[in-house]
Structure formats: structure tokens, C-alpha cells
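Peer 1: Only the shape, not the letters, is given here:
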């Protein structure tokens, strides 16, 4: 079975994915895995559809000029719904922008694609945060898969790690640094920068958004922690069920003070079972330097899973970046493609 | 297809595996995965074979008394070769003792089992260190699998992490703490204990063997690093191709001295590509405290993989223990069983 892919959203993440696919295409084909990108559409950058497969290098070049619709001799002006319902794609990659309040437009794209019996891979936190159970039910009903490795820790394996490498393990609790922006700010504050200066530095380097509220008030980490609890611990929580405190009230004296006592302030996201109830919190904590999470500096992210089988397992890696998130799409797609090419 | 398992070697690791299987048997059966342990044999503890499956709790009880042959109404006095060739097992778990010089008796058990078209799962470093390519060729020829997650970092995912979660990634280099005994000794030396006292403490706690040479002279870490290079980086190295230095010449003053300069001595195993050649070394290194490996304390192990796709990914977990190594066998077996039960 050929794997025909449509990409909805061709910003940093989508382009990161396309670059990786271009680099690895030959190796994949040598292994019998043929992936055709048949459609790409982006609200700003345009769209192109060729049922026989687009030239990836050409799409990348046009995307960088926000002019995908200039792709010659193919169908253009496709919106996401046309891409989902009117193309020969059997896998939809959803990489549009994230909205943690509504989950849109990604939620509708994903629901629509699953209903059309297309597999979906996404890096979009919104729909998984708000509608995980509903989407999994729709996927199951339509006998297709929904994968979302990239929503936590970007391309660093988290969900695939637990599913593929820790089979039958119960996740008793987790503890992690899930937001790179705040971790970068805390690292710079240890060097003496004020919160405001460290934030400005993060914005200059592209680590923080113009409106950094979701990051610095802990909601980005909170959303990810919630997703971990719902997906890996069987919880059914909403954002207002969790305790969430950001780093905006921390002073440079606080941060340097605990460091001089052999500890570090870290924005720690936690999930644990309290009887049959799963509790989730995000708040700054004083972490002793002997804790594996204490040395996660700058934009790095990390999660420690406590299991009933093999004790604690910690994974550390980049939590953001176009190539990294693109790799999350790529890795999920390859796992899927291996199954589809066998079928 | 039913999964019939024979276990060769029923010491700490084998018993760790059986305990985990006993705990998880019901959950597995609810998912349609039925695993029968049809044979167990151990040089000291005896043997039992029932083609319909042994009672695991009973085997565990008898193993603890070194009296597996007392299992009632079944065939006993089976040696490993009878277990491989004369039972209905389709998966052989090899968990006998490790010999890094000859790889025996595990090498012959594994070769024999693969030749009889039986899948093999092992935690035994010897055969993988010495005969990886040969064994993989025999497995391929006989269309069966050879899995060995447990040979590095015990049950903490390493090979499965790279294969399942980092598809199409090239491992450009790795760097890790692969031996818990030496890491424990270095941690205690930072607290002021001499090498000899720290070693004695490790022996008291069961972290070091009576003859600790392989650990403290770096050969255990060296063997693991070599396996990583050969399996994950396509190298074809032997133990005498690598640079190997242990921790026996480190003085407590050295260890405390670097700590006072914001660094830590760690026994670091490394593999990297020098052109098309893979180089492997194990030696004590001064690691800055900002390095994720610096805070790996006590018996913990860790590996950082540098990839061409998603940057650096670090995994941290226990590197030893009967339950942990037993989980390595269990996790590999479950992956296999999922395939076999579908077939």
C-alpha cells in the first residue's frame, strides 16, 4: 500500500517535516517505504495538490517564498477540507497553529480526517488537550490511527517511548520540565538577569512569543502535564482541574538564593495517583542539585516516569524547534508507514 | 499463534522475568496475548517442562529453593539443548551467566535456538559483544528475531528506543555512564571515602562482585560501549580495538578536587565517528556540573545519543537489578508476542 500524505500547515513544523523527508527519502525507498506528499496547504503560504506526488524540494522552495500556489501544472487553491475529502491522501499531517482554548482549527481538521478514514499525525496540543478521548473514539470507530508524539517534548520520544519501549508498565507518576521558555529564563536568572531581562533575551532569541503569558504563567507546561496524565495515566482532567503557578513572581534574589544553598528553582510539572484520582500540578520548586531534573538547563526539557516495572526512567531532549517538531511528525508517519506498507 | 516460552537460566534475572509475567498475565490475556512458560532450566536450580505451560508461581517458589525439578508430574532433568530442541517453545529466553571472553554457554544456546527457528531474547552481553553480526545473520537466515534490550542499561530502553522511537535517525555519537558499580564508587568518593572503602561498601550492598576487576578497570562499560557502536553505529569492533581506562588510579583528593572546581569525575563511555571509522573509549573524565551526565549519581546509568534528526536525546535509568533485567526480557518478549499473536 502506498503512503500518500497531505500536510495541513506548512510553517516551521511543516517545513521541518518536509526537509527531513527529503533527506531520508532515498533510504526509506531502499527499505520499501514509499511516501508521496500529494498535497500541501497553508493559510498564508498557499496550496498544491498532485495525486502522483509533489516534488518536495520545490514545495520547500515555494513555501519559503509563501507562494506554494505557484507550483506549476497542479491543482491549487485547496482549503484544508478539500485536502481532507477530495485528495487521495491516506495520512493527514496536521501542523496548523495551536489554540489551547478552542483547539481550532486543528480539532475540526482532525475530526474530519478521521471520519474520512484517514490516519492523522499532529503536533498540535489544542485538540489533544481538549478532545483526546473523543478523537480516539472517532479514530477507533473508523479503524484509523491518531498519533501525536510532538505535543509534549517535541520530537524527543515520550508517548512512543511509553507505548513501544515500556510495554505493560503502569505510569505511577511523572515529574518534568515541560516548557523551554521558562527553563531558559530561570537559567539566565541564575546568572543574575532579572525576570524581565531574561524574558526579553528569550524573545530576542525566538524562545518566547511576543505574548509570553501562556509560557511564563505555566499554562503551556500545564497543558502538556494534563495531556500526559490523560493519555498515559488514564485521567480525564480539564485545565481548570489542575494547580498551575508560573514563574512571574520569582525574583533574581530568590533564584540565586536557593542556588547558593545547593538547589535550583525549576518549573516542575507533576502528575501522580492519589488513590484512584490523578492529580496534576505545575509550580516552581526548589530542586536539589542531585536531582536529575536540576541540571536540565536552558531550553532543554525532561520527564521522569515512575513505573511499576523498571523504576524511574528519565528522558531528556529538546522541547521545541521546527526541525524537532517536524521530526515528531516524521517519526509517527514512519511508524504508520511501516504498518501500511506491510498491509 | 500461541507464544510458548522456555527460560534458560533462572537466577535473579530469570526470576525477575517470571515475577513480572505473573503480575501482568491477566492484563496481557485481556488483550489477547497468551504467553505459556513451557520450560525452565537452570544449571543449579533444576528444570521442568510441561508442553501445556507451567504454573509460574510454583516455578518461582521452587526456584527460590533451588528445586525446580521437584515440580510434580512434568518432565524434569532437561538440559538447555533438550529445552531448545525437544520442547514446543517458540521463544527462548537466555539468562545464564555472562562470560565476556568466550560468550559461553550463552553463545551456543542462542546459535542453537536460532538454528531451530526459535526467536531468542537475551540479557547476556557476552554473545552480543563477541558474535553480534554472526548471530544476526543466523537469525535472518532462519527468519526469526534476536532481541537483547537488557545488555545495556538493563531494562531501561536503549536499543528499542533507537529502533522504535528514533526511526531513520543516524547515531552520530553517544556518551554515557554505563556501569553502576564505578558510578556508585565515584559518588561515595566525593563524600570522602577512599576508593578501597567505597568499593567495599559497594560489595556489601551487592553493587560490586567479589572480583570487581571487570567493573573498576572499565571493561564492563567498554563491552557495553562496543555493543552500542556495533549495533547502533554499524561498527565492527573488538574489545582490544577500544581505549579503556578504569577508576582504580583515582584518589579521593582528585575526585574532591575537581568537585570543588565545579566538575565531577565520571567514568565516561564514548563512541563517535572519525570519518568513516567509529572510535570507542572508556575513561574517567572531568564533567562540568552543567552536563546532564554530571548529576547521574549512585548506581544510575545514562546515555546521550547525538542524532542527525532531533539533536541530543538522553535516557536515564537503573542499569542493573534482577527485576530491571527481567523487565528487559519481558519487554522484548511482549513486542515479539504482539507480532506473533497477530500472525
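Peer 2: Happy to help now that I have it. On a predicted model such as this, the values are computed, not experimentally measured, just so you know. Residues are numbered from 1 along each chain as shown, chains lettered A, B, ... in the order given.
Peer 1: which stretches of the stretch 201-343 of chain A have low pLDDT?
Peer 2: A:343 (pLDDT under 70).
Peer 1: Setting aside sequence neighbours, what's the nearest residue to residue A:336?
Peer 2: Distances taken as C-beta to C-beta, 6 or more residues apart in numbering or on different chains put residue A:119 closest to residue A:336, at 5.7 Å, once the chain neighbours are dropped. Yep, even glycine has a C-beta here, placed from its N, CA and C like the rest.
Peer 1: Might one say that the one you found is in contact with residue A:89?
Peer 2: No - using C-beta atoms under 8 Å, residue A:119 is not in contact with residue A:89; the gap is 9.5 Å.
Peer 1: Pretty sure residue A:182 sits against residue A:267.
Peer 2: Yes - here residue A:182 reaches residue A:267: they are 4.6 Å apart, a contact under C-beta under 8 Å.
Peer 1: Neighbour count: those two, which is higher?
Peer 2: residue A:182 (32 against 26; other C-beta atoms under 10 Å in any protein chain shown).
Peer 1: other SSEs contacting the stretch of helix or strand the more buried one belongs to?
Peer 2: Here residue A:182, judged by DSSP states H and E, is contained in helix A:180-190. Packing contacts for helix A:180-190, counted by 3 or more C-beta pairs under 8 Å, 6 or more residues apart in numbering or on different chains; DSSP states H and E, involve helix A:195-204, helix A:213-216, helix A:252-260, strand A:263-274, strand A:300-307.
Peer 1: burial of residue A:341, as a residue count?
Peer 2: Residue A:341: 16 neighbours (other C-beta under 10 Å).
Peer 1: Please read the previous query as pertaining to residue A:319.
Peer 2: 28.
Peer 1: That one is in contact with residue A:176, isn't it?
Peer 2: No - with contact defined as C-beta under 8 Å, residue A:319 does not reach residue A:176; the gap is 9.7 Å.
Peer 1: Show me which residues of the stretch 1-150 of chain A sit near chain B.
Peer 2: By the rule C-beta under 8 Å from any C-beta of the partner chain, the part of the stretch 1-150 of chain A lying against chain B is A:20, A:24, A:27, A:28.
Peer 1: Just the buried subset of those residues, please.
Peer 2: Buried members of the residues of the stretch 1-150 of chain A next to chain B, counted by 16 or more other C-beta atoms under 10 Å in any protein chain shown: A:20, A:24, A:28.
Peer 1: Helices along chain A, start to end?
Peer 2: Along chain A, the segments classed as helices by DSSP state H run A:12-30, A:56-64, A:80-86, A:106-115, A:125-141, A:159-160, A:180-190, A:195-204, A:213-216, A:219-232, A:252-260, A:322-342.
Peer 1: which stretch among those helices comes nearest residue B:108?
Peer 2: helix A:322-342 (33.4 Å; C-beta to C-beta).
Peer 1: wouldn't residue A:130 be in contact with residue A:107 here?
Peer 2: Yes - Residue A:130 lies in contact with residue A:107 (C-beta under 8 Å); the separation is 6.9 Å.
Peer 1: Contacts only, for residue A:147.
Peer 2: A:119, A:120, A:121, A:122, A:159, A:332, A:335, A:336 (C-beta atoms under 8 Å, 6 or more residues apart in numbering or on different chains).
Peer 1: Most neighbours of all the residues you listed, which one?
Peer 2: Neighbour-wise, these (other C-beta under 10 Å) top out at residue A:122, 31 neighbours.
Peer 1: and the closest residue to residue A:78 other than its chain neighbours, bridged to which residues?
Peer 2: Using C-beta to C-beta, 6+ apart and skipping the chain neighbours, the partner closest in space to residue A:78 is residue A:47 (4.4 Å). Judged by DSSP bridges, the bridge partners of residue A:47 are residue A:41.
Peer 1: what's the spacing between residue A:338 and residue A:151?
Peer 2: 22 Å (C-beta to C-beta, to the nearest Å).
Peer 1: Likewise for residue A:252?
Peer 2: Counting by C-beta to C-beta, the gap from residue A:252 to residue A:151 is 32 Å.
Peer 1: Looking at these two, which is more packed in?
Peer 2: residue A:151 (26 against 18).
Peer 1: from memory the more buried one sits against residue A:224, does it?
Peer 2: Yes - counting by C-beta under 8 Å, residue A:151 sits close enough to residue A:224 to count as a contact (7.1 Å).
Peer 1: Show me whatever sits in contact with both of those two.
Peer 2: Counting by C-beta under 8 Å, 6+ apart, the shared contacts of residue A:151 and residue A:224 are residue A:125.
Peer 1: ok so, going back, export the helices of chain A to a markdown table and tack on distance to residue B:218?
Peer 2: Putting the helices of chain A into a markdown table (distance: least, C-beta to C-beta, whole Å) gives the following:
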| stretch | distance to residue B:218 |
| --- | --- |
| helix A:12-30 | 35 |
| helix A:56-64 | 46 |
| helix A:80-86 | 56 |
| helix A:106-115 | 51 |
| helix A:125-141 | 44 |
| helix A:159-160 | 33 |
| helix A:180-190 | 33 |
| helix A:195-204 | 41 |
| helix A:213-216 | 43 |
| helix A:219-232 | 37 |
| helix A:252-260 | 34 |
| helix A:322-342 | 34 |
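Peer 1: To residue A:273, which of those helices lies closest?
Peer 2: The nearest among the helices of chain A, by C-beta to C-beta, is helix A:219-232 at 9.6 Å.
Peer 1: need the contact list for residue A:173.
Peer 2: A:270, A:271, A:272, A:273, A:305, A:306.
Peer 1: could you redo the last one with a cut-off of 6 Å?
Peer 2: By C-beta atoms under 6 Å, 6 or more residues apart in numbering or on different chains, the contact list for residue A:173 reads A:272, A:306.
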